[in-house]
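Enquirer: mind folding the following:
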Amino acid sequence: MKLFYRKYGEGPSIIIIHGLYGASDNWAGIANMLGDHFEVFTIDQRNHGRSPHSPEHSYNLMKNDLLEFMDDHGIQESILLGHSMGGKTVMHFAASYPERVNGLIVVDIAPKSYVSTSTSGDRSIDHQAIINALQKIDLRQVKTRTEADQQLRHDIASDKVRLFLLKNLHRNKDLSFTWSLNIDALNKNLPEILEGIDQKRFENGNSVTGFPVLFIRGANSPYVKDEDIILIKNIFAVADVVTIKDAGHWLHVEQPELLVQTIKNYFME
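Expert: Next up is the predicted model:
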C-alpha cells in the first residue's frame with residue numbers, strides 16, 4: 001500500500017508513525033523540531049489520514065506497509081518512532097526486519113494486550129466506546145464541526161479527546177462531511193489492534209537486539225505501568241524506559257519540547 005507522507009529536514013532518517021485515530025500532521029510540530037538534525041518522515045497509516053482505506057487492518061499489514069514505504073524511498077535503515085498503535089507497528093517491524101532499524105522509539109505503549117483494559121471502564125482507553133461514539137454521529141445531519149462536537153459530547157466528556165477525534169472530519173466540496181478514518185475497518189479489526197506481541201517468540205535469549213531502544217511514557221498515562229517494564233525488557237533486552245512528567249498518553253501534544261529533548265539526548269550523544 002502506498003502511504004501518504006510528509007517530509008521535514010535533512011540528516012539521518014527518522015520515520016514517525018502515529019497512533020489510532022491519528023495522522024501524520026499530528027506530529028508536524030515534533031517533526032519540525034527534530035528536522036534541524038534529522039530527515040523526518042511522518043506517515044499516515046492505512047485507514048487513517050490521506051492514506052488508502054482497506055477492509056483489513058493488522059500489524060502484519062502495517063509493518064509491511066512501512067517496509068514498502070522504506071523501499072520506495074530508498075531508506076535502507078532508519079530510526080523508527082511509533083506512538084500508541086504506531087508503537088506496536090514499529091515493534092512488530094523491528095522484530096521482523098531488525099536489519100532495517102538503527103534505532104527504535106516507542107511512545108506510551110507496551111507490547112502487552114490491551115483488550116481487557118479497553119473494556120475495563122476507563123473511558124480514556126475504552127476504544128470500543130470511542131469507535132461506537134464516532135459511528136453514532138449522523139454526518140448527514142452535521143453542517144458544522146460544532147454540531148459534530150455536540151453529538152460526540154454525549155459519549156465523550158473530554159474536550160481534548162473530542163478535539164483530537166474531530167480532526168478526522170473532512171469537508172467535501174458540497175460542504176458535507178466525511179471521516180478520513182475508515183471507522184468500519186477499525187471497528188472490525190479492533191481486537192487485533194489491541195492485541196499484544198506474542199511473547200513466546202522472544203524466550204530463551206531470542207530478544208530483539210542490535211540497535212538502541214527507547215520507550216517513553218507519560219507519567220499520568222495508564223498505558224505503560226511499572227510492571228510492563230519486565231515484558232518490555234523480555235522482548236527488547238537493551239531497552240531503556242524514560243518517564244516524562246506532567247504528560248498523559250499524548251506526550252507530543254502535552255510535552256513536545258521534553259519529548260524532543262529526550263529523543264535528541266538519547267540519539268545524539
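Enquirer: check the gap between the closest residue to residue 50 other than its chain neighbours and residue 158 for me.
Expert: In space, and not counting its chain neighbours, residue 50 is closest to residue 4: 3.9 Å by Cβ to Cβ, 6 or more residues apart in numbering. Any C-beta I mention is one placed from the backbone N, CA and C, and that applies to glycine too. Separation of residue 4 from residue 158 (Cβ to Cβ, to the nearest Å) stands at 28 Å.
Enquirer: more crowded one of these two?
Expert: For the pair residue 4 and residue 158, the greater number of neighbours falls to residue 4 (16 against 12), based on other Cβ atoms under 10 Å.
Enquirer: quick one: residues contacting the more buried one.
Expert: Contact analysis of residue 4 by Cβ atoms under 8 Å, 6 or more residues apart in numbering lists 24, 43, 44, 49, 50, 51.
Enquirer: any idea how many residues pack against the first one?
Expert: Just to be clear, that refers to residue 24. Using other Cβ under 10 Å, the number of residues around residue 24 comes to 23.
Enquirer: the closest residue to it other than its chain neighbours bridge partners, please.
Expert: Spatially, and ignoring its direct neighbours in sequence, residue 24 is nearest to residue 42 (3.9 Å; Cβ to Cβ, 6+ apart). Beta-bridge pairing for residue 42 (DSSP bridges): residue 6, residue 16.
Enquirer: surely residue 42 and residue 29 touch.
Expert: No: in this structure, residue 42 is not within contact of residue 29 by Cβ atoms under 8 Å, at 10.5 Å.
Enquirer: more neighbours, those two?
Expert: Taking neighbours as other Cβ under 10 Å, residue 42 and residue 29 compare with residue 42 leading, 25 against 15.
Enquirer: which parts of stretch 98-117 are buried?
Expert: Across stretch 98-117, burial judged by 16 or more other Cβ atoms under 10 Å covers 100-112, 114-115, 117.
Enquirer: once you drop chain neighbours, what's closest to residue 26?
Expert: residue 18 (5.6 Å).
Enquirer: ok, that neighbour touching residue 31?
Expert: No: contact criterion Cβ under 8 Å: residue 18 and residue 31 do not qualify, at 11.1 Å.
Enquirer: state the three-state secondary structure for residue 217.
Expert: Here residue 217 is recorded as strand under DSSP: H, G, I helix; E, B strand; the rest coil.
Enquirer: could you check how far it is from residue 65?
Expert: Distance from residue 217 to residue 65, counting by Cβ to Cβ: 26 Å.
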